[in-house]
Structures are given as C-alpha cells and as structure tokens.
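>>> Give me coordinates for this.
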Amino acid sequence: MTQRKQGNVGAPYFLRKGATALMGALLVAAAGAMAQDDTGLASAPTTSSAASARTLYRVTNLGQGDIGVTMNAKGQVAFAYSDPFGQQPLRAWFYDGSNLHEIGGLGGGIVRPTGLNDGGQVTGIATTDAGLVHSFVWSRRRGATDVGTLPGMTTTWEPAINNRGEVTGYSTGDPSPPWPRAFRWSAQSGIEDLGVLLNGDDSTSYGRAINDAGMIAGDAWAGGHAYHAFVWTRANGMIDIDTLGNEYSTPVAVGARGQIAGNVLNPPNNYGSVFWWSRTTGMRDLGAGNGQGTWMTAMSPGGRIVGTITYPDLSQHAMTWTPARGMLDLGTLGGRSSGSTAANDSYHAFIWTPKEGMVDLNQRLYRAPAGLELFGALAISDNGSIVASSNAGLLLLRPVRACRCTHAAGPIVSNDLVELGAPVDTTIGFAADDTVASYEVAWSWGDGTVDRARRAGARNGSGSAAASHTYSAPGIYTLTADVTDQAGNSVKVARRIVVYAPSGGVLAGTGTVVLPSAAGRLSPPSSGKAAFSFMAPMAAGAQLKAASTKGRFMFSLPGLSFASDDVQVAAAQGSRVRLAGTGTVNGARGYQFAATAGASAAGTAGQFGVTIWHTDPKTRARVIDYDSLAGTNGSAGRPLVEGKIVAR
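Model prediction:
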C-alpha cells in the first residue's frame, strides 16, 4: 500500500511539525492570535479568564528561546533555545516561578519540550546517546524518564501530557518502516500501542492530545489519501470520529468534558477549517467564518477555541469560538490586517477579554526597561501570567499583585551589521522597584572576549550601561549582556551581530521580516515576525566550508530555528542574490533551503525571503516545510521591518 498523505511518515515528520505546526498548534496553556495596529502586527493569547481590566504586568526575563514554549495553570514555563552552531544545538529550560532549571535530556544534544502539566512535569523529545529520538517525562525531583518505544520501533515523537502524568504521542522506525503508531504511556503501565483505524502493514496512527480522564485524540490513516481524527478510551479503543469525509482532520486539544477540537484540510483549499466534536453533537465543521478559512491554535479546558480567520486577500484576524456564542472575529488594534503588511511595521502583543476587547500589552507594563517592545504573546496561564516574545528575548509577564520580581533588562541596542574594523557600540537599559540599587553589567562578545562586570547605577529605579568592541574577523556573533543586582540575581539578554569584510565580494544582512499568512503549505500557520542573519561571498557557486567564519545563514521564528554553515551563492543578478544550501531545523539535519535577498538601496531597507524543505523518506518527493515567498509573485521577498542587507 502506497497511498499515503505526504509528510506523515517516518521520523523526520516530528521535525516537519517543528517547522510548521509549532508556529501555532503547540501552545498548550493558551493560544496565540495575530492582529495589526496602526504601526504593525501583534500576537496574543485569548483564553484566560484571570486577566482583569487595567491589569498591569511586571516583566521577568526568561532568556533567549521561543521553541517549544508551554505554560501550566500556575504560570510555570518550559521552553527551548537553539544555539545554531553550538555544541548543544537545542537546550531546554523550566521556570518554576522563581528560578530557571535546565531540563536534562537522554544523553544526546537535543532537548525540546512539548508539554507541561500543573504538577511541573515536562514532556518532550530528546536525542539519546545513540542518536535516536525518544520522548521523555522530566521533573525536578526525578529528572528525565525515557518513555521508550513500541516493540520493533526505535523512536517516539511529539508527546502530550495530562495532569496525571499520562502521555500520548507516536512511535516509529528510523527510518520507516515500521510506520508510526499512536501510544499511551504512564509510569505504572509503561508504553502501549493504541492500534490503528484500518489494519495493514503500513497503517499509521498518531496520538496528539490527552485530557485528565485519559481520553486520547489523534489522527490515523483512513484509506486512500485520507487521515481522520480519532478518539481513544480504555473502554472503547480507537474510534474514527470524522463523519464528514474530510481528506485530513487532526485534533489539537481535548477538553475536560471530552470535547475534541482540531483542524481540517480538504485540498486544494489549504486554508483549512476548524472542527468540533463531542459525544452528543458528533463532528461539526465550524466553517470559514466570514473568510476563506479558519485555523485553531488551542482550546481551553472548558472548550473555548482560539485561532485565526483567513480572508480572501490572505489577511488574518484573531478569532475565538464557544459552543454558546459561536465564532467571533476579534478584529485588530486599528490596522488593516493581521496577515500581510507593508514595510516598517512593528509588532504589539495584545490580550483579549470579553469586557475590554483587544488591549495592547505594551501599554500595560509596570516599570518596563527603556526600549522594551513586546512582539507577541505565546501562552497564558489560569493565574493571568503571559509568556511573550520581545526585542529582549523571551519574557514572563505577571500581574503586579502576583509578582515578587527583582529587576528586568531591556534590549541590547547596537549597530548589528558592521564592517570589519568598525567599533560595535552597545547599550542596555534595566529597571527595578529599588530606586537606589546598583548593578553590575558584564559583556560577552561571542568571539571569546569577555568584558568584566562593571558597576552601573540606577536612578528612580532605572539605569543603563554601555560598551564598545571591535571584532578581528568577519562572522556572525552572539553578544550577551549579563545584568546582576546586589542580591546576585542575574538577567541575560542577547543580540546577534554580523561583521563583514568591506571588500572582496560579500553579501551580508541581518534583520526581521513580516511573514505571509500562509507560509506553511501543509499546516497553515499564523503570520508573524521572523529574524535572519547571513553572510556569504559574492562569487557565484563558491562553496563554503563549515570551518569558515563566513557563509553562515540563520533564520528563526517562534517554533523554528534554521541554521546552515554549508552555503553557496547560487545566482546573482544586480542587487538580488539567491543563496542555497543544507542545514538544520531545531538542531536536526536533513533540510535544504533557498533564500533570496535584495540589497538595501537609497531610502529602502532591502528584501528577504526563504523556502525550507526536506525529502520525504518514503516517496522521495520534495516537501515544503516553510515558504515565506508565498504570494510574492517571484519577487526578492518581503520588505525588511528592521535591519539591513548589503552587497559589496
């Protein structure tokens, strides 16, 4: 049997999910939605009832990283950070409300969270010392427990966890066959096979979500090219719940009362729609709203769905749906669209409540450091805490009444694209309640040079520090500032610096771009903001070696970190250049990319676009994981929001 939906076979599927669905579908505590105000885009969670009118938030820096971000009802957070060219490409962290703890893995270099329950148990995937990917359950008390694999299989992927510590996901061969099979795991019973909808040598099933009653939802091969959502219980086994004849339906969440919600695709319409299932209603397709399609990102335990509506012009609005009130378009912050925008837009994170509607979180910060800007809200908890991305890294926002915070640091302000030999001048601001405190700031420049900590004072609760450095070789460097208060509490903020040779033929750039509304063809993500840095010689066809300080390429957005040090300039025409090469997604190999870059001209910031793909292990077909060039009609890409591209 070979009639299988592309992209659902073999171990690399986890990484493809990391390259597409992680942009929207793996938010556990709440969902992100996007909107645009007069200046640009915003992203926000919308499922908490804890946020009240006029709530102000204190800021806690969590560090770099927005991969695998998940949050529980207590406001604890798990997340991962990829150092693209470091010795450990993907490290994970758990914030317990006061301190960060590294999540230990299974002996390999990759650790990525996929779920966090209210007891502080983290589930995720990690590479073993043999280089295989296994699911794990981690706690501060017990460390990491290997979930193992089903008999005859070698890997387990994409686990979800409930508050009883029970886990679901799928196990497969590496490479396949054996084909993926959904599993259930608990510390008491170990791992067990949940079966398939249709018997056959290459039938497949995937566990996606589990509630506290142990009900599991997933999707499984249903014949032909179809994958259908299923529900599994101990009493009834696996049951196909897709009674609508969809080509592809996959659950995102299971509610406390057994409600299941997820997304439906019926190609060629890849904009999708949301489905709702309960024992009494069966499966309901919630339709396209007033637009071209809908896509859900998460559901609260009580059954509130959040996601986006895509309109015919490919713009997007945040939406929410409940059984009682149906679908509600949450609108914008005053702008035209949440999907595609023009240049010079900025992002504003927001929160939505029925009472206040959409509120810009940047306007609700209490004693924020100078220059801090919230781009997007990634998760929200029952206690009102919010995880947000910003120009100072990953942040935790907590209502003022609930936060015993020390101090917070803002972004590093720097000339981040510089010619070799020119100084890099930087500043960083910080703020705290203690109006007379003093701080120490240490700088690590990423080239082995570290400036010792120097005292920096604060006036009226805020202060700043400055530093300067000159690099001796071209490259892409990570600059880090470590701000420490008198009690020893430390906050770290990072920024990427691209140093290029002023002559000899080079293309270099760094900055951010606004993503189109349908960049992922297999699983449409929301629009958002992506960062890039690259440097390559302009000699067309010149192959660059991994050991070179040149020829590196990095591209990142929430849930995806792509890196390549195997880059070549495939073509050059005027100010437009095409880069190509191989690289890693979230630390795992097996991906290729092609990027187009248009150098900045007088009065313009330049353009950038990228396509990332892999080869399907069974069909050998090319599968697009991410394509920011969608809808650009073959242009050089999207206009830069920030940054610059130079060609010399």
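
>>> Closest to the centroid, which residue in this structure?
Gly559 (2.0 Å; CA atoms, centre = their mean).

>>> Gly65 is in contact with that residue, correct?
No: the pair formed by Gly559 and Gly65 falls short of the contact definition of CB atoms under 8 Å, at 10.8 Å. Placement of C-beta: from N, CA and C, glycine included.

>>> Ala160 contacts Asn211, doesn't it?
No: assessed by CB under 8 Å, Ala160 is found out of contact with Asn211, at 9.8 Å.

>>> Compare those two and say which is more crowded by neighbours.
Using other CB atoms under 10 Å as the criterion, Ala160 and Asn211 rank with Ala160 on top: 26 against 22.

>>> Bridged to Val514, which residues?
Legend: beta-bridge partners of Val514 under DSSP bridges are Lys529.

>>> Can you tell me how far it is from Ala388?
Going from Val514 to Ala388 by CB to CB, to the nearest Å gives 18 Å.

>>> same check, this time on Val424
27 Å.

>>> quick one, which of the two is more surrounded?
Shown here are Val424 and Ala388; by other CB under 10 Å, Ala388 has more neighbours (28 against 20).

>>> pLDDT below threshold where in the stretch 251-400 of the chain?
268-270, 314, 332-347 (pLDDT under 70).

>>> Equivalent analysis for the stretch 451-600 of the chain, please.
Those would be 504-505, 515-528, 538-550, 573-575, 587, 600, if you go by pLDDT under 70 across the stretch 451-600 of the chain.

>>> And the strands in it, which stretches?
Along the stretch 451-600 of the chain, counting by DSSP state E, counting those that start in this stretch, strands occupy 462-469, 475-484, 490-500, 506-514, 529-537, 552-557, 560-573, 576-585, 588-598.

>>> can you list those strands in JSON lines and add distance to Thr172 and mean neighbour count?
Formatted as JSON lines, the strands of the stretch 451-600 of the chain follow (distance: least, CB to CB, whole Å; neighbours: other CB atoms under 10 Å):
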{"stretch": "strand 462-469", "distance to Thr172": "47", "mean neighbour count": "18"}
{"stretch": "strand 475-484", "distance to Thr172": "35", "mean neighbour count": "21"}
{"stretch": "strand 490-500", "distance to Thr172": "35", "mean neighbour count": "22"}
{"stretch": "strand 506-514", "distance to Thr172": "35", "mean neighbour count": "24"}
{"stretch": "strand 529-537", "distance to Thr172": "30", "mean neighbour count": "23"}
{"stretch": "strand 552-557", "distance to Thr172": "27", "mean neighbour count": "24"}
{"stretch": "strand 560-573", "distance to Thr172": "22", "mean neighbour count": "20"}
{"stretch": "strand 576-585", "distance to Thr172": "18", "mean neighbour count": "20"}
{"stretch": "strand 588-598", "distance to Thr172": "15", "mean neighbour count": "21"}
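
>>> could you dump those to CSV with distance to Thr406?
As requested, the strands of the stretch 451-600 of the chain are arranged in CSV below (distance: least, CB to CB, whole Å):
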stretch, distance to Thr406
strand 462-469, 14
strand 475-484, 10
strand 490-500, 8
strand 506-514, 29
strand 529-537, 28
strand 552-557, 28
strand 560-573, 29
strand 576-585, 35
strand 588-598, 36
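
>>> which stretch among these comes nearest Lys644?
Of all those, strand 506-514 sits nearest to Lys644, with 6.4 Å by CB to CB.

>>> so what does that closest one touch, helix or strand wise?
If contacts are counted by 3 or more CB pairs under 8 Å, 6 or more residues apart in numbering; DSSP states H and E, strand 506-514 sits against strand 417-419, strand 490-500, strand 529-537, strand 607-615, strand 638-647.

>>> What are the contacting residues of the host helix or strand of Val252?
Assigned by DSSP states H and E, Val252 belongs to strand 248-254. Outside strand 248-254, the residues that touch it by CB atoms under 8 Å, 6 or more residues apart in numbering are 5, 25, 206, 208-211, 215-219, 226-229, 242, 260-266, 275, 283, 296-299.
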